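Q: Give me the fold of what follows.
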Amino acid sequence: MTQIALIETKNLCKSYENDGVLTPVLYDINLTIRSGEFAAIMGPSGSGKSTLMHILGFLDSHTSGDYLFQGQPTKSLSDDDLAIIRATRVSFVFQAFNLLPRTTVLENVMLPLLYHPTIPPSERVQKSLHAIALVGLTDRKDFLSNQLSGGQKQRVAIARALVTNPDLIFADEPTGNLDSASGIAVMEVLQKLNEQGHTIILVTHEQTTAQHASRIIHIRDGRIVSDSRDFKRVMEGKAIV
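A: The predicted structure follows:
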């Protein structure tokens, strides 16, 4: 039996309108992501990679074409349906961490559970502690987030993304505010989570960051220009794309 793709887009396009002027951003994006993949979307600034991530993560909508999430067309989803998906099935890790500064690690990680429609209050602490343990910060659970290093803050952000047990984690330039050593440590955490079965889509313009993914999708000027599951061959110019 063929597994239904987690994400599938067909000729997906996106344009923005401002004062009657239409600006195309994405052109005919055809993409399939299956459960358990670790895919990196690479491209220079202005290439459309962040716009694509926002559409796939239900933070924005596409203009034309189709976007299917677990086989279901997303155009037919109501605002309430989309809110439930954002709360339960997808999570984000951002470059800027987006932590509450005078709040403990545990409280930051627990935050998404306050709005979760099915996880009861009695399970919030246990699930949050489990997510914190997965990123190796149990000994920092009572620290305020402004007492942490940049790398530790990003690991807290990853734990917060994990706590709802989403189908998909989006990481948007997660190493952009980190030194190289901290960036490597954060990517190793994401790689380990993927090895444990989590699906991850990484957006980055850094080749060293993308090397941790098992699949590299290059986007330029709003179009996918290559898609390979072997990063080293892409870098050597030998991949068939």
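
Q: Find the centremost residue of the chain, please.
A: residue 170 (0.3 Å; CA atoms, centre = their mean).

Q: ok, so what distance separates that residue from residue 140?
A: Going from residue 170 to residue 140 by CB to CB, to the nearest Å gives 24 Å. Bear in mind the C-beta positions are built from the backbone N, C-alpha and C, glycine included.

Q: repeat for residue 180
A: For residue 180, the distance to residue 140 - CB to CB - is 22 Å.

Q: hmm, back to that, pretty sure the residue nearest to the centre of the chain sits against residue 204.
A: No - between residue 170 and residue 204 there is no contact under CB atoms under 8 Å: 11.6 Å.

Q: follow-up on the earlier one: residue 180 and residue 140: which is more packed in?
A: residue 140 (20 against 9; other CB atoms under 10 Å).

Q: who touches that one in this structure?
A: Counting by CB atoms under 8 Å, 6 or more residues apart in numbering, residue 140 makes contact with 105, 132, 148, 152.

Q: For those, work out which two are farthest apart.
A: 132 and 148 (12.1 Å; CB to CB).

Q: what touches both of those two?
A: With CB under 8 Å, 6+ apart as the test, residue 132 and residue 148 both reach 105, 140, 156.

Q: What is the burial count for the first one?
A: Yep, that's residue 105 we're talking about. The burial count for residue 105: 28, using other CB under 10 Å.

Q: The last one now?
A: The criterion is other CB under 10 Å. On that basis, residue 156 has 27 neighbouring residues.

Q: Offset the numbering so it begins at 802, please.
A: Yep, numbering from 802; the last one is residue 957 now.

Q: coming back round to it: can I assume the residue nearest to the centre of the chain sits in a strand?
A: Yes - per DSSP: H, G, I helix; E, B strand; the rest coil, residue 971 lies within a strand segment.
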